[in-house]
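Undergrad: just to be clear, the model below is a prediction. Sequence and coordinates:
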Amino acid sequence: MAPSKVMLLACGSFNPPTNMHLRMFEIARDHFRKFDYYQVIGGVMSPVHDSYGKKGLVCSNHRCAMLKLALQSSGWIHISDWECQQESWTSTRQVLEHHQDIINTMLNANNEISNTSPNKRQRNDDYSWVPDEIRYSSGGIGSVKVKLLCGADLLESFAVPGLWKEEDIEAIVNKFGLVVVTRDGSNPYKFIYESDILYKCQNNISIVTEWIANEVSSTKVRRAIQRSESVRYLIQDSVIEFIEQHGLYKSEKDGNNKYDMKNLSFLTPSPTDTVMDSPSPLYPSGQNNNISNQSNAQKGVMRVNGEVKSRGSSVVILTGYPGAAVKVYSKGNEGINEKRISENSVTEALRSACPL
């Protein structure tokens, strides 16, 4: 029996793309080469939209440019900027569905893709991520399934209350499938066993063991750059040159996303460090949370997700981010106070005002 053909798709910030991001694809393809039931015919990296709301996230134009440079060394992994071209953040499930639909349309219509999105003009490079085996197929290739490639961090984020919709988790795992690359100290088998949804769909989850531990992450790379330390051999040389040319990550206070605790003019979530992630942000980073410009907003209001609501005699702003504690900012006579509270201790009033 011929092996099923699959495309590996990774969603993430890639801020910047590291060698580990690329290595995950190689590890996964090697894993499937040892078996006969799957044949990897291509890889896709989908950078998250600018509105994802992650502190220190540089613009998608820079991240896409860095990814294209990093992928020059690969002949089978490509970038898809469809997610970045949307009007706002797109869920991981939607990203998978879009790329699967493109592949299905190409295969079913003998590469006639002009009717894929009749309401939107397609750019010439919208489908550059599609492998030649699909693009120039004469119809004998059969079906190709898109699978989500991720790290164990993303798998474990499924357990964070309210972060993922249960129906999205089930669709991602059951309809598409997960390819999970392990990390040091993680036990994905135990995690799957303890999750009713994942346990039910466990036959569609492939666990890929990384025997050569590699703790390289975008967060650590950014920190090293901010401290003027070398990041060579952690990311591609061409990416390093791009970062230097555009002055990226040099200093947090110079970044595009920063805290203005004086005016609360731009509050963004703190970063998490998952290898591959694209769950729902609490609110888009592009929203303006400048309460000082709101009428009657100096006292007795709470501004969450663009809405101003009453909350006693002080201003309260609640922020959060995928897989982390909730952060509450309050403004009173004593100035700005910051308090971190766990997810379980958030009151129902705050939950309803700012649902995860």
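TA: Looks like it arrived, so ask away. Residues are numbered from 1 along each chain as shown.
Undergrad: touching, Ser137 and Leu107? I think so.
TA: Yes. Between Ser137 and Leu107 a contact is recorded at 6.4 Å, counting by Cβ atoms under 8 Å. (C-beta placed from N, C-alpha, C; glycine too.)
Undergrad: I figured Ile172 hits Val95, correct?
TA: No. Ile172 lies out of contact with Val95 (Cβ under 8 Å); the separation is 9.9 Å.
Undergrad: and Ser230, how close does it get to Glu244?
TA: Remark: distance between Ser230 and Glu244 (Cβ to Cβ, to the nearest Å) = 12 Å.
Undergrad: hang on, I meant Arg183
TA: According to Cβ to Cβ, Arg183 and Glu244 sit 29 Å apart.
Undergrad: those two: which is more packed in?
TA: Arg183 (18 against 12; other Cβ atoms under 10 Å).
Undergrad: show me where this protein has strands.
TA: With strands called from DSSP state E, the chain shows them at 4-12, 38-47, 77-79, 144-151, 178-181, 205-208, 302-304, 307-309, 315-319, 326-332, 335-341.
Undergrad: so where's the protein uncertain?
TA: For the chain, the stretches with pLDDT under 70 are 1, 110-125, 138-140, 251-356.
Undergrad: quick one: the helices in it, in order.
TA: Assigned by DSSP state H, the helices in the chain fall at 19-33, 60-70, 82-85, 92-108, 132-135, 152-157, 166-171, 188-194, 196-200, 218-226, 237-246, 348-353.
Undergrad: what's in contact with the fifth one?
TA: If I follow you right, that is helix 132-135. Residues outside helix 132-135 that contact it (Cβ atoms under 8 Å, 6 or more residues apart in numbering): Ile41, Gly42, Ile103, Met106, Leu107, Asn111, Tyr127, Ile141, Val144.
Undergrad: so the third one is in contact with Pro131, correct?
TA: No. Counting by Cβ under 8 Å, no contact exists between Ile103 and Pro131, whose distance comes to 9.2 Å.
Undergrad: spell out which residues are contacts of both of those two.
TA: Common neighbours of Ile103 and Pro131, counting by Cβ under 8 Å, 6+ apart, are Met7.
Undergrad: could you check the distance from Cys150 over to Ile172?
TA: With distances taken as Cβ to Cβ, Cys150 is found 10 Å from Ile172.
Undergrad: overlap in contacts of these two?
TA: What both Cys150 and Ile172 touch, as defined by Cβ under 8 Å, 6+ apart, is the set Leu178.
Undergrad: show the end-to-end separation of stretch 230-245, please.
TA: With Cα to Cα, to the nearest Å as the measure, stretch 230-245 spans 15 Å from end to end.
Undergrad: could the helices of the chain be laid out in CSV, adding distance to Tyr52?
TA: Output for the helices of the chain, formatted as CSV (distance: least, Cβ to Cβ, whole Å):
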stretch, distance to Tyr52
helix 19-33, 16
helix 60-70, 9
helix 82-85, 10
helix 92-108, 11
helix 132-135, 29
helix 152-157, 14
helix 166-171, 16
helix 188-194, 24
helix 196-200, 24
helix 218-226, 13
helix 237-246, 20
helix 348-353, 21
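Undergrad: so which of these gets nearest Lys54?
TA: Taking Cβ to Cβ, helix 218-226 is the member of the helices of the chain nearest to Lys54, at 10.1 Å.
Undergrad: in that closest one, what counts as buried?
TA: Ser218, Thr219, Val221, Arg222, Ile225, Gln226 (16 or more other Cβ atoms under 10 Å).
Undergrad: and stretch 24-43, by the same measure?
TA: Quick answer for stretch 24-43 (16+ other Cβ under 10 Å): 24-25, 27-29, 31-32, 38-43.
Undergrad: now do stretch 177-196
TA: Those would be Gly177, Leu178, Val179, Val180, Val181, Thr182, Arg183, Ser186, Pro188, Phe191, Ile192, Ser195, for stretch 177-196 by 16+ other Cβ under 10 Å.
Undergrad: quick one: contacts for Tyr37?
TA: Pro3, Ser4.
Undergrad: pop out the phi and psi values for it.
TA: The phi/psi pair for Tyr37 (degrees, to the nearest 10) reads phi -90, psi -10.
Undergrad: my guess is Tyr193 contacts Lys200. True?
TA: No. At 11.3 Å, Tyr193 does not count as touching Lys200 under the criterion of Cβ under 8 Å.
Undergrad: shared neighbours of the two, anything?
TA: With Cβ under 8 Å, 6+ apart, Tyr193 and Lys200 have no common neighbours.
Undergrad: I'd guessed Ser4 sits against Ile41; true?
TA: No. If you go by Cβ under 8 Å, Ser4 and Ile41 don't touch, sitting 10.3 Å apart.
Undergrad: how much space separates Glu26 from Gly177?
TA: From Glu26 over to Gly177 (counting by Cβ to Cβ), the distance is 19 Å.
Undergrad: Ser128 against His78, yeah?
TA: Yes. Between Ser128 and His78 there is a contact under Cβ under 8 Å: 6.4 Å.
Undergrad: compare those two (neighbour count), which wins?
TA: Neighbours per residue (other Cβ under 10 Å) separate Ser128 from His78, with His78 holding more: 18 against 13.
Undergrad: give me every residue that touches the closest residue to that one other than its chain neighbours.
TA: Distances taken as Cβ to Cβ, 6 or more residues apart in numbering put Trp129 closest to His78, at 4.0 Å, once the chain neighbours are dropped. Neighbouring residues of Trp129 by Cβ under 8 Å, 6+ apart: Gly42, Val44, His78, Ile79, Ser80, His99.
Undergrad: next: Tyr199.
TA: Each residue near Tyr199 by Cβ under 8 Å, 6+ apart is listed here: Ile192, Tyr193.
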